[in-house]
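Undergrad: please find the sequence and the predicted model below.
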Amino acid sequence: MKYYGGDILSDLKKTSIIFAILFVISFFIGSFLYIDRTLRPTITVLAETKALELANKSINKSVAEVVKGQINYKDLMNVQLDSDGKITMIQANTVMMNEMASNVALEIQDELKKVKSTTSYIPIGTALGSPILAKYGPQLRVSIEPIGTVSVDFKTKFESSGINQTRHIIYIEAKTKVRVVIPLTTSTQEVNAQIPVCETIIVGDVPQSYVNIPETGVQSIIPNLDNTTNK
């Protein structure tokens, strides 16, 4: 049986090519499994943080757009005094609050629609935790999708502000949920933002009883965003 040198070399080349291909495939599979097992938790946290940042910016922008710095404390609260000039009751202007809450919720919905079309990227190097490699490596695409509803409530808070002085703060609390989308995985995060609207300093004693802002009635619920955005 005869063997020729050319045939042997040809077989060796074919074998080498097969081994090289198998090595490359194994390398990529191993790298993928390593990234998936080691870096995915870190990447997910980074993506969720980025998504919450985008959502909070949208909410703050929406509130600023509606309020525009033109809302005064007296617009939202009616302070009643007795004959001695002491505060006896603080009554909320629920009609105006309802209108503002509805406008803010609608504005948030519109802003979240814009954010949905905005894409952010996280370098793989950032997930490694190395300051040197933080800006390098493949870019992972991060996007968010608004889901569920947007709820907007008014809240109040009293804080001590010196001797015989109390700061009464009125703020808007907005809640919604977003879906964080990164390659091969998704997660859902609840966004809860509190934005001060106006405040005043009460000199003297705070009244023992005041008309609280109702938990129901000063609320704005927007229809499911999944249905709205698909139209």
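TA: Now that the structure is in, tell me what you want to look at. Not measured: the values here are computed from a predicted model. Numbering: from 1, shown residues only.
Undergrad: and V178, its phi and psi?
TA: V178 has phi and psi values of phi -130, psi 150 when expressed as degrees, to the nearest 10.
Undergrad: residues contacting it?
TA: Counting by Cβ atoms under 8 Å, 6 or more residues apart in numbering, V178 touches 51-52, 55, 112, 144-147, 188-189, 191. Using the backbone N, CA and C atoms, a C-beta is placed for each residue, glycine as well.
Undergrad: let me know the closest of those to T119.
TA: The shortest approach to T119 among these belongs to I144, at 9.5 Å (Cβ to Cβ).
Undergrad: surely the closest one touches V180?
TA: Yes - if you go by Cβ atoms under 8 Å, I144 and V180 touch, sitting 5.8 Å apart.
Undergrad: these two: which has the busier surroundings?
TA: Ranked by neighbour count (other Cβ atoms under 10 Å), I144 and V180 place I144 first, with 26 against 22.
Undergrad: partners of the helix or strand containing that one, with directions?
TA: Element membership of I144, judged by DSSP states H and E, is strand 139-160. Applying DSSP bridges, strand 139-160 is found paired with strand 120-123 (antiparallel), strand 165-182 (antiparallel), strand 219-221 (antiparallel).
Undergrad: mind checking how far L112 is from P183?
TA: As judged by Cβ to Cβ, to the nearest Å, L112 and P183 stand 22 Å apart.
Undergrad: try N93
TA: Distance, N93 to P183, using Cβ to Cβ: 49 Å.
Undergrad: ok, those two, which is more surrounded?
TA: Per other Cβ under 10 Å, whichever of N93 and P183 has more neighbours is N93, with 16 against 10.
Undergrad: next, the more buried one: phi, psi?
TA: Reported as degrees, to the nearest 10, the phi and psi values for N93 are phi -90, psi 80.
Undergrad: now N103
TA: Main-chain dihedrals, N103, degrees, to the nearest 10: phi -60, psi -40.
Undergrad: so what's it scoring on pLDDT?
TA: We note a pLDDT of 89 for N103 in this prediction.
Undergrad: quick one, what contacts it?
TA: V66.
Undergrad: how far away is it from I17?
TA: When distance is defined by Cβ to Cβ, N103 is 67 Å away from I17.
Undergrad: same question, T200
TA: In terms of Cβ to Cβ, T200 sits 80 Å off from I17.
Undergrad: how many residues are close by I25?
TA: Neighbours of I25 under the rule other Cβ under 10 Å: 10.
Undergrad: just to be sure, it is in a helix?
TA: Yes - I25 forms part of a helix when assessed by DSSP: H, G, I helix; E, B strand; the rest coil.
Undergrad: quick revisit: T200 and I17: which has the busier surroundings?
TA: T200 (16 against 10).
Undergrad: pull the number of nearby residues for I202.
TA: I202 has 17 neighbours, counted by other Cβ under 10 Å.
Undergrad: distance check, the residue nearest to R179 when sequence neighbours are not counted against F23.
TA: Distance criterion Cβ to Cβ, 6 or more residues apart in numbering; nearest residue to R179, sequence neighbours excluded, is E145 at 4.3 Å. Distance, E145 to F23, by Cβ to Cβ: 40 Å.
Undergrad: name the residue in the two with the higher neighbour count.
TA: E145 (19 against 10).
Undergrad: could you verify my assumption that the more buried one touches K116?
TA: Yes - between E145 and K116 a contact is recorded at 5.6 Å, counting by Cβ under 8 Å.
Undergrad: for I182, which non-adjacent residue is spatially closest?
TA: A47 (4.7 Å).
Undergrad: how close does the one you found sit to I18?
TA: Applying Cβ to Cβ, the value for A47 to I18 is 39 Å.
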